[in-house]
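J.: what follows is a protein structure lacking sequence information:
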């Protein structure tokens, strides 16, 4: 009867639960059995206090259940980070051709309900992806590649609202697509569109959680009259890019939301857009109530190498040079690790975490000194077009004090620019590039000098930017990282391995071959006192727990 | 313990008027059966698998009358894959009537259609005297335990293995009336109530959402999504609907008011 007692305990604890007021999300660290946001909490550290799985017993992990997805097209990946609320997991399968949002029993994988939505056609550069649903109250929220914002009743899967998000005209309405997990701040759903290769004008917008009505909009590319428009020559701002495709973070004390923005358009030729091209390749700190920009920091001014700053802002309160400080860690696609003051945007540290040749250092204000320009004959740049890292989430472990980055090491591209005017329906790249490794695992070597590349999970000491340890993989990785209070790091890679490392020294403690590339961030949660670890690889979501 | 899953048998609803022949619902159902047994290999169960042919659309390239269609069914189309079938004229006619049932004009209000009262008064009854929101939900109001009423007045194709036309307004009213006065008479499989008795004697009632050999998933009377190990169950069985009959709880005027409101609910209530 022990099992029954456990079950009844679970029943008792869920009688009044399954309601997720914003206060629960604000205090998510107080309920480590749940996974309430994309990054676990609003800080997006992807750090868990659960302690059942340890460095000693992690070798006893075994598969509990798998959630399968229908076959995806070549560039689409199962990127969604699931949420877990009081024993129930919510996640979204990519559109194949329909999205399926599911509520399932987090202990067995059995499905309670399924909601289906078939999107209209959309132009997507890099897969019909979705990074997951958000929850607040009794509602789930997710956005689609055909610009719909959909809210569901979390208990029944019934559609509560389904609104079309309107975007500035490019000529093709399908140029704007939403792949991001929304960020919920009180009564607002905050998100922005992808489409940086199609001449969009990016934005971050807030919508009412009850109705889906728009509350505010921040244009990543300022129009004439707005500060920052002077960083664009002529009318180049109209198709300036600045897409959004990774979730933002929130600091409740400062009431600021932080978003990383995408590359400027056209991608590889900066000539038609003289200037720094604000606010592309930046982090912007926006007032959560109004959308007004409080500060910004531009990682890659006048970018010509597709260095989207669409990474997760990781927030932490640490001691910095002897004083407590609210900071933000950022491992950028451009290959540089940054520490910023998140109240003011002050640049505190910048240091390459992979081989970097596009810049040679920083000026006194923390602006990078550009070392190479794109050219019509081609220029070799490290890191390559896919970056030293990309959208896959890093993790910060306050206990070890280390920041863990999924990296692409020693990768490069040859970038070639060419003149291109914006035309609706035509990819607005402004040139091209060749890379040794690319967007999908099918890529093979194109240049022998790149054979030295590899992937890694790299532990950085954020106070110095120096690497503490490196766990090397033969192939690169599109996996996020999870870390725990028991000194574990979970991650995976394109080879299909999901593994656990010792967070202190990077030693491999356990691995499992899942037969498909890991392309989401792992999570951990617990149901009835049993801790689980869940990760997506290939066409499945795999969930592990200790052998009993 | 063993779960018995009932496969719902398609019940064909009345489709009273047809263009050229009058067929009874039973005859149309027989036409559906003949079609599903003999024709779907080429035409598909929705009748649209052969390019350029949509049997349920009411439009036929090679036939101008129902008799023409019936003749094609019996004789085939020379030079095409459409062979002749050895149906009687009556059988071929029933198949055509099945095709026609998808596009038949709704009947004028039949004599047995319940009268509709005042929707505003019906809304007040639903939210007040009828106590309907203690189990049902309309928009964002009410409970999730019973079937959601937000779109209860919208025509939906009947659930079943054979495609069937959506019910007419009169049929919707009749079904709603029957649900109000005799709730156990006709419950869709997803809305049936199950009762679980656990080994400690406690009970859980709710709708069955999913099950496998080791667990059952239930949406229970406290609005919880529960997954219960079968090893913890002493008993798991279908039980009567918790919905009371309103035959004696509401007078005929109140019932017709409530019906009038329910048929306005087409899924757009906020």
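T.: Cool, the structure landed. The shown structure was predicted, so the numbers you read here are calculated from the model rather than taken from an experiment.
J.: list phi and psi for residue A:59.
T.: Dihedral pair for residue A:59: phi -70, psi -10, per degrees, to the nearest 10.
J.: OK, contacts around it?
T.: By C-beta atoms under 8 Å, 6 or more residues apart in numbering or on different chains, the contact list for residue A:59 reads A:509, A:510. (Each C-beta comes from the backbone N, C-alpha and C, glycine too.)
J.: same deal with the one 5 residues further on?
T.: Taking C-beta under 8 Å, 6+ apart as the criterion, residue A:64 is in contact with A:107, A:108, A:109, A:532, A:543, A:544, A:545.
J.: for residue B:65, state which of those residues is nearest.
T.: Relative to residue B:65, the closest of the contacts of residue A:64 is residue A:109; by C-beta to C-beta it sits at 55.7 Å.
J.: in which helix or strand does the closest one reside?
T.: No secondary structure element spans residue A:109, as it lies outside all helices and strands (assigned by DSSP states H and E).
J.: since we're on the residue of chain B found nearest chain A, how many residues are nearby?
T.: Using C-beta to the nearest C-beta, residue B:227 is the residue of chain B that sits closest to chain A, at 3.6 Å. Other residues near residue B:227 come to 27 when the count uses other C-beta atoms under 10 Å in any protein chain shown.
J.: let me see the contact set for it.
T.: Listed by C-beta under 8 Å, 6+ apart, the contact partners of residue B:227 are A:87, A:105, A:107, A:108, A:110, A:112, B:215, B:216, B:217, B:218.
J.: of the residues you listed, buried ones?
T.: The neighbour-count criterion (16 or more other C-beta atoms under 10 Å in any protein chain shown) marks A:87, A:105, A:107, A:108, A:110, A:112, B:215, B:216, B:217, B:218 among those as buried.
J.: for the nearest residue to the last one once chain neighbours are set aside, name its beta-bridge partners.
T.: Read it as residue B:218. If the residues on either side of it in the chain are set aside, residue B:218 comes closest to residue B:206, at 4.3 Å by C-beta to C-beta, 6 or more residues apart in numbering or on different chains. When bridges are assigned using DSSP bridges, the partners listed for residue B:206 are residue B:194, residue B:220.
J.: wait, doesn't residue B:206 sit right on residue B:145?
T.: Yes - checked against C-beta atoms under 8 Å, the pair residue B:206 and residue B:145 is within contact range at 7.4 Å.
J.: got any ranges where chain A has weak pLDDT?
T.: Per-residue confidence for chain A (pLDDT under 70) gives these ranges: A:1-18, A:438-451.
J.: can you get me a residue count around residue B:202?
T.: 12.
J.: same question, residue A:419
T.: Counted by other C-beta under 10 Å, the residues lying close to residue A:419 total 11.
J.: note down every partner strand of the one helix or strand the residue of chain B closest to chain A maps to and its orientation.
T.: Here residue B:227 is covered by strand B:225-229, with elements defined by DSSP H and E. Here strand B:225-229 has these sheet partners by DSSP bridges: strand B:215-220 (antiparallel).
J.: what does the strand it pairs with contact?
T.: Counting by C-beta under 8 Å, 6+ apart, the neighbours of strand B:215-220 from elsewhere in the structure are A:105, A:108, A:110-112, A:155-156, B:3, B:144-145, B:194, B:196, B:204-211, B:225-230, B:233, B:236.
J.: biggest separation within the contacts of residue A:64, which pair?
T.: Taking C-beta to C-beta, the two most distant members of the contacts of residue A:64 are A:108 and A:544; they sit 13.6 Å apart.
J.: sorry, back to before: pull out the buried residues from the strand holding residue B:227.
T.: Within strand B:225-229, the residues scored as buried using 16+ other C-beta under 10 Å are B:225, B:226, B:227, B:228, B:229.
J.: quick check: the second one touching residue B:206?
T.: Okay, so that is residue B:226. Yes - counting by C-beta under 8 Å, residue B:226 touches residue B:206, with 7.4 Å between them.
J.: which stretches of the chain form helices?
T.: I'll assume chain A. In chain A, the helices defined using DSSP state H lie at A:2-14, A:22-26.
J.: look at chain B instead
T.: Taking DSSP H to define them, one finds helices in chain B at B:25-38, B:40-43, B:66-75, B:89-100, B:119-127, B:169-181, B:252-262.
J.: closest to residue A:475 out of those?
T.: Between residue A:475 and the helices of chain B, the shortest separation by C-beta to C-beta is 47.5 Å, and it involves helix B:40-43.
J.: how many neighbouring residues does the nearest residue to residue A:198 once chain neighbours are set aside have?
T.: Spatially, and ignoring its direct neighbours in sequence, residue A:198 is nearest to residue A:175 (4.0 Å; C-beta to C-beta, 6+ apart). Here the number of neighbours of residue A:175 (other C-beta under 10 Å) works out to 26.
J.: contact residues of chain B facing chain A?
T.: B:140, B:144, B:148, B:150, B:198-200, B:202, B:209-212, B:214-215, B:217, B:219, B:222-229, B:231-232, B:270 (C-beta under 8 Å from any C-beta of the partner chain).
J.: doesn't residue A:195 make contact with the residue nearest to residue A:198?
T.: Yes - the criterion here is C-beta under 8 Å, and residue A:175 meets it with residue A:195 at 4.9 Å.
J.: spell out which residues are contacts of both of the two.
T.: Overlap of the contact sets of residue A:175 and residue A:195 (by C-beta under 8 Å, 6+ apart) consists of residue A:123.
J.: where does the residue lying closest to residue B:207 once chain neighbours are set aside land on pLDDT?
T.: Closest residue to residue B:207 apart from its sequence neighbours, by C-beta to C-beta, 6+ apart: residue B:219 at 4.8 Å. Among the per-residue scores, residue B:219 shows a pLDDT of 96.
J.: how near is residue B:219 to residue B:144?
T.: Separation of residue B:219 from residue B:144 (C-beta to C-beta, to the nearest Å) stands at 7 Å.
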